[in-house]
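Undergrad: How does the following fold in three dimensions:
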Amino acid sequence: MKALKYINKFFIKYKWRLLIGILITILSKLLALKVPQIVGDSLNIVEDYQSGVVTDYDAVKHQLFINVLIIIGVALLAGFFTFLMRQTIIVTSRLIEFDLKNEIYQQYQRLSLNFYKKNRTGDLMNRISEDVSKVRMYVGPAVMYTMNMIVLFVVGFTQMVSIDVKLTMYTLIPFPVLSISIFVLSKVIHKRSSIVQQYLSHLTTFNQEFISGISVVKSYGIEKSIIKEFDNLADKSKEKNIHLHQANALFFPLMVLLIGLSNLIVIYVGGKQYINDEIQIGTIIEFMLYVNILTWPVAVVGWVTSMIQQAEASQIRINEFLDQEPEIKNNTNKTTNLKGKVSFKDVTFTYDDTNITALKDINFTVKNGETIAILGKTGSGKSTIIELIARLYDTKKGTIFIDDVPIEDLNLNNLRDQIGFVPQDPFLFSESIGNNIKFGKEEATEAAIIQAAKDAVVHDNIIDFPKGYDTILGERGVTLSGGQKQRVSIARAIIKNPKILIFDDCLSAVDTETEERILKNLKKVSQNKTTFIISHRVSSAKNADKIIILDQGNIIQQGTHNQPITIKGYYKELYEQQLLEKEN
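TA: Prediction:
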């Protein structure tokens with residue numbers, strides 16, 4: 001249970017709730033254990049009356065009536081305390097589940113982009129949902145039933161010993177077998193639980209990827225092969241679940257067998273003692289009631305053990321991510337208001353996951369308020385420059401300066417808060433269009449939202465929808481066309497009014513006429529802002545203060561539009577090609 005030690009801090013946080021719950025548990029079980037004693041006493045009274053020890057019939061009748069009322073009262077009170085017990089301990093488990101999910105979610109936000117390249121979405125979702133649910137069973141039902149078991153067993157055993165030590169010892173003969181069985185089975189369950197959770201992650205990941213790529217699946221007509229692959233994965237998952245539940249299934253039959261043996265021992269040994277006038281008939285019945293009351297706490301040992309083992313396996317998986325340190329760390333709490341100057345000095349960058357060197361000895365400076373355009377072939381390193389400016393990665397060679405300060409020395413949250421980023425593949429949330437634009441600035445007014453949409457040349461498209469800005473988008477903005485998604489994403493960056501604006505090839509899905517209108521608006525919006533434009537089009541770059549041409553991670557040309565266009569090379573060839581396409 002080493003992994004589950006992580007949960008101890010939550011137990012401390014909610015200690016008073018848990019302590020009250022435990023106290024109520026003890027009270028409810030103490031009351032429940034009074035019933036066998038009262039039943040035994042009642043039978044002994046009847047036996048004494050039949051044997052002539054007691055002769056007053058009315059007194060016997062009155063005492064039996066009182067005992068019946070006491071049993072009913074005790075049962076009702078025990079039931080009420082049991083209700084309170086569940087309201088404290090089970091509710092506490094839900095609070096811990098809430099805290100743990102939030103902690104995992106916050107860790108997911110802290111972890112760097114590289115982490116998400118190495119881990120699948122389905123697995124991440126499974127750990128914050130299914131694995132946390134398994135842990136909740138440990139902090140709730142497992143704790144509650146363990147307390148039930150301990151209280152019932154300790155008090156019941158003590159009561160049995162006080163009545164008859166010999167009969168108690170005989171009754172407990174099967175219990176060592178139970179302990180050994182639990183020890184062996186718990187190891188098996190722990191191992192199989194880990195495997196089951198892994199396969200559940202595989203299934204979740206597979207489904208998530210299938211649903212996200214449903215358009216590709218349908219367009220290629222590969223539904224049958226996908227279904228076959230899913231069936232194979234589901235069958236393997238089913239087999240692992242069956243193996244786990246085969247182990248779990250051994251517990252309850254074993255418990256019933258052992259309790260049955262205890263009852264037989266009570267009847268046999270107690271019967272002999274009764275024949276020898278060593279005990280009364282009420283004692284035998286009392287013992288049998290105790291044994292059967294102890295049936296559930298003993299039987300629940302298996303269930304609790306199974307829950308704990310599954311929770312342990314799940315917490316190990318959760319801890320794997322919680323223990324990971326973010327590669328990109330915030331090194332200062334000092335707040336800085338950026339001006340927007342950006343400098344790259346001898347920057348070389350290699351991606352860890354692919355070992356591809358995307359940038360090689362890059363040097364350039366963009367003054368605050370300037371616009372820089374970066375062009376180059378696919379894979380030349382354009383987007384890498386943008387990712388480094390937003391500090392999604394850290395360089396291992398060379399330094400990036402923002403306002404002449406090394407980027408690692410700036411407040412990370414403060415830096416990103418002052419950057420408006422439009423990615424190459426825009427991501428929109430399953431929210432209204434207005435809220436998607438407002439995502440860049442939560443306190444934005446309706447007028448500001450509309451103005452940002454107008455600047456991004458998407459306002460006319462939005463108002464054509466029946467619900468306008470209140471139109472709810474599908475997952476990842478599937479309701480909109482590619483060009484509309486890009487323009488909504490541009491509006492989201494504009495409304496933020498940042499010091500640094502980054503447009504990563506975000507006009508690729510719009511026509512040249514719309515592109516010219518957007519660029520004209522952006523020129524107005526980007527005044528006094530440092531602006532980066534990544535593009536494959538010369539039309540997007542020609543009005544920039546500086547143009548950089550990349551090839552295989554190297555800067556091969558740079559200058560204003562009028563400089564590289566006069567030199568034979570990539571920029572001139574691209575310009576002539578696109579000019580010819582426009583004329584045609």
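Undergrad: could you pull out the helices for the stretch 101-250 of the chain?
TA: Under the criterion DSSP state H, counting those that start in this stretch, the stretch 101-250 of the chain carries helices at the ranges 113-118, 121-137, 143-163, 165-171, 175-212, 214-220, 223-249.
Undergrad: Can you give me the domain boundaries for this protein?
TA: For the chain, automatic domain parsing gives the domain ranges 3-322, 332-418+499-584, 427-497.
Undergrad: And the pLDDT at the nearest residue to Lys377 once chain neighbours are set aside?
TA: Take Lys377 and drop its neighbours on the chain: the residue closest to it by C-beta to C-beta, 6 or more residues apart in numbering is Asp551, 6.6 Å away. Yep, even glycine has a C-beta here, placed from its N, CA and C like the rest. Looking at Asp551, its pLDDT stands at 87.
Undergrad: Surely Asp551 is in contact with Ser380?
TA: Yes: Asp551 is within contact range of Ser380, at 5.4 Å (criterion: C-beta atoms under 8 Å).
Undergrad: of those two, who's got more company?
TA: Ser380 (22 against 16; other C-beta atoms under 10 Å).
Undergrad: For that one, which residues are in contact?
TA: Listed by C-beta atoms under 8 Å, 6 or more residues apart in numbering, the contact set of Ser380 reads Leu550, Asp551, Gln552, Gly553.
Undergrad: Can you say which of these are buried?
TA: Among these, the ones that count as buried by 16 or more other C-beta atoms under 10 Å are Leu550, Asp551, Gly553.
Undergrad: now, among the residues you listed, which is nearest to Asp394?
TA: Gly553 (17.2 Å; C-beta to C-beta).
Undergrad: what residues are up against the closest one?
TA: Counted by C-beta under 8 Å, 6+ apart, Gly553 has contacts Thr357, Ala358, Leu359, Lys360, Ile362, Ser380, Gly381.
Undergrad: Over to Leu522?
TA: By C-beta under 8 Å, 6+ apart, the contact list for Leu522 reads Asp455, Ile490, Ile494, Leu501, Phe503, Thr531.
Undergrad: Same list, those residues, but as CSV with pLDDT and distance to Asn333 please.
TA: Output for these, formatted as CSV (pLDDT from 0 to 100; distance: C-beta to C-beta, whole Å):
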residue, pLDDT, distance to Asn333
Asp455, 87, 34
Ile490, 86, 32
Ile494, 87, 29
Leu501, 89, 26
Phe503, 86, 31
Thr531, 89, 29
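Undergrad: about what we covered before: take the contacts of Ser380 and keep only those in strands.
TA: Residues of those located in strands (DSSP state E): Leu550, Asp551.
Undergrad: any chance of the contacts of Ser380 in a markdown table, with distance to Val60 too?
TA: Converted to a markdown table, the contacts of Ser380 look like this (distance: C-beta to C-beta, whole Å):
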| residue | distance to Val60 |
| --- | --- |
| Leu550 | 103 |
| Asp551 | 106 |
| Gln552 | 103 |
| Gly553 | 100 |
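Undergrad: from the contacts of Ser380, which single one is nearest Asp41?
TA: Gly553 (90.2 Å).
Undergrad: Spell out for me which residue occupies the centre of this protein.
TA: Ile128 (1.9 Å; C-alpha atoms, centre = their mean).
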